[in-house]
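structure of the sequence below:
(chains A, B, C and D)
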There are 2 protein chains.
Amino acid sequence: MSIQLAFKALSDPTRRDILELLRERDMTAGEIAEQFNMTKPSISHHLNLLKQADLVIDERQGQFIYYSINTTVLQDLMSWLWTFKKGEK
Amino acid sequence: MSIQLAFKALSDPTRRDILELLRERDMTAGEIAEQFNMTKPSISHHLNLLKQADLVIDERQGQFIYYSINTTVLQDLMSWLWTFKKGEK
DNA sequence: TAGATAGTTAGATAATTTTCTAAATATCGA
DNA sequence: TCGATATTTAGAAAATTATCTAACTATCTA
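Alright, predicted model coming up:
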């Protein structure tokens, strides 16, 4: 999707920390929230922005909603960054 | 330097556009400002944030100040993004 | 079906960010 | 040294963002 939403999402340290947690394993919204000194609604908001940016995928399993990383947009970001290395067009 | 400042800097479309201009060639602040529908002070502010993030370097040449891309931080960002690909730690 | 657990949505507030105008600084050239 | 050009700094207004509390929705289990 858009690089704009992705960079916006990554500009916040909490959201980058969330991604780093999810790098280790998929987690529920509650498990993620436990790791931060912040209320659940705040974390929910961050998760929503990550989702809108297509950086994570959510999947409900019963009462729980599991979040996992979606790497396709990360690839797009790397591609964009790469164009700056070594005079590439 | 810090990944935080870099992602913050890249979260704004004007600043990304500035980097894309500088990808083609070094430019003065005035030349850069001409490309945007925005006042010079606004562009100057964006250039300052890019500079603080170490994404660009500025060098005065007489009355002009030339801006150019500094790729070292871009490399750091790619490294960070890369850690999410293929279950890497 | 009622209570408990998981999570989100709504709405408000405080902090941050973007952009502008006006004014200041720096350098050049006559 | 003066006027013109290039750019930044200062300060203010408007828009966006992060965070909270309160309330709502969804699912499970007894």
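
now do the helices in chain A.
Counting by DSSP state H, chain A has helices at residues A:3-10, A:13-24, A:29-34, A:40-52, A:71-82.

any low-confidence regions in chain A?
A:1, A:86-89 (pLDDT under 70).

got the helices of chain A as CSV, with mean neighbour count and distance to B:Leu74 columns?
No exception for glycine: its C-beta is placed from N, CA and C like everyone else's. Below are those laid out as CSV (neighbours: other C-beta atoms under 10 Å in any protein chain shown; distance: least, C-beta to C-beta, whole Å):
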stretch, mean neighbour count, distance to B:Leu74
helix A:3-10, 21, 13
helix A:13-24, 17, 17
helix A:29-34, 15, 29
helix A:40-52, 16, 22
helix A:71-82, 16, 5
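
let me have the ones you listed in CSV, extended by distance to B:Leu47.
Output for the helices of chain A, formatted as CSV (distance: least, C-beta to C-beta, whole Å):
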stretch, distance to B:Leu47
helix A:3-10, 18
helix A:13-24, 24
helix A:29-34, 37
helix A:40-52, 27
helix A:71-82, 19
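
who wins for proximity to B:Asp54 among those?
helix A:71-82 (14.1 Å; C-beta to C-beta).

with adjacent residues omitted, what lies nearest to the closest residue to chain B within chain A?
Proximity of chain A to chain B (C-beta to the nearest C-beta) peaks at A:Ser11, 3.8 Å away. Leaving aside its chain neighbours, A:Ser11 sits nearest to B:Ser11 (3.8 Å; criterion: C-beta to C-beta, 6 or more residues apart in numbering or on different chains).

A:Pro13 too?
In space, and not counting its chain neighbours, A:Pro13 is closest to B:Gln4: 6.0 Å by C-beta to C-beta, 6+ apart.

quick one on the thing from earlier: for the residue of chain A closest to chain B, grab the count of nearby residues.
Counted with other C-beta atoms under 10 Å in any protein chain shown, residues neighbouring A:Ser11 total 18.

for it, give me its contacts.
B:Phe7, B:Lys8, B:Leu10, B:Ser11 (C-beta atoms under 8 Å, 6 or more residues apart in numbering or on different chains).

if I look at the first one, how far off is B:Ala29?
What that stands for is B:Phe7. Distance, B:Phe7 to B:Ala29, by C-beta to C-beta, to the nearest Å: 24 Å.
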